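> sequence first, predicted coordinates after that:
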Amino acid sequence: MKHIPMRTCVTCRVCKPKSEFLRIVKQADGAIIVDLTGRADGRGAYVCKSAECVEQTAKKKSLNRAFKCNIDPEVYVKIKECLNG
């Protein structure tokens, strides 16, 4: 049986297989990007691929806690765009 990596959403705290999440990465230079490959270098945080959870992430500022820094509101807009398109 193949091992399936499990991850936890930073907002709703639900544990699911890694493939069911969007990965957000804080790179070494401090840039925050949406990692669609799941392999980008840097500190990763996971958010459910649901509109409700992405909305709550922006509202609760979950990524600010996960990355221990202030996140530009534009990052949340980029996350929503990746979810929709």
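Received it, and whenever you're ready, just let me know what you need.

> average model confidence for the lengthiest helix in the chain?
As assigned by DSSP state H, the longest helix anywhere in the chain is helix 73-84. In this model, helix 73-84 has an average pLDDT of 91.

> hmm, who's touching that helix?
22, 24, 32, 34, 36, 47, 49, 51, 54, 57, 58, 63 (Cβ atoms under 8 Å, 6 or more residues apart in numbering). Any C-beta I mention is one placed from the backbone N, CA and C, and that applies to glycine too.

> with pLDDT, secondary structure and distance to residue 5 added, can I get those in JSON lines?
Output for the contacts of helix 73-84, formatted as JSON lines (pLDDT from 0 to 100; DSSP: H, G, I helix; E, B strand; the rest coil; distance: Cβ to Cβ, whole Å):
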{"residue": "22", "pLDDT": "95", "secondary structure": "strand", "distance to residue 5": "15"}
{"residue": "24", "pLDDT": "97", "secondary structure": "strand", "distance to residue 5": "17"}
{"residue": "32", "pLDDT": "95", "secondary structure": "strand", "distance to residue 5": "22"}
{"residue": "34", "pLDDT": "95", "secondary structure": "strand", "distance to residue 5": "19"}
{"residue": "36", "pLDDT": "92", "secondary structure": "coil", "distance to residue 5": "17"}
{"residue": "47", "pLDDT": "97", "secondary structure": "strand", "distance to residue 5": "16"}
{"residue": "49", "pLDDT": "94", "secondary structure": "coil", "distance to residue 5": "16"}
{"residue": "51", "pLDDT": "93", "secondary structure": "helix", "distance to residue 5": "24"}
{"residue": "54", "pLDDT": "94", "secondary structure": "helix", "distance to residue 5": "21"}
{"residue": "57", "pLDDT": "95", "secondary structure": "helix", "distance to residue 5": "21"}
{"residue": "58", "pLDDT": "93", "secondary structure": "helix", "distance to residue 5": "26"}
{"residue": "63", "pLDDT": "96", "secondary structure": "helix", "distance to residue 5": "21"}
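
> ok, back up a step: buried set for the longest helix of the chain?
Residues of helix 73-84 classed as buried: 75, 76, 79, 80, 82, 83 (neighbour count, 16 or more other Cβ atoms under 10 Å).

> then stretch 57-65 to PDB, C-alphas only?
This file holds the C-alpha atoms of stretch 57-65, laid out as PDB (Å, rounded to 0.1, in the frame of the first residue of the first chain):
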ATOM      1  CA  THR A  57      -8.400  32.300   5.700                       C
ATOM      2  CA  ALA A  58      -8.500  35.900   4.600                       C
ATOM      3  CA  LYS A  59     -10.900  36.900   7.300                       C
ATOM      4  CA  LYS A  60      -9.000  35.100  10.200                       C
ATOM      5  CA  LYS A  61      -5.600  36.100   8.700                       C
ATOM      6  CA  SER A  62      -4.500  32.400   9.200                       C
ATOM      7  CA  LEU A  63      -1.500  32.900   6.900                       C
ATOM      8  CA  ASN A  64      -0.200  35.700   9.200                       C
ATOM      9  CA  ARG A  65       0.000  33.200  12.000                       C
END
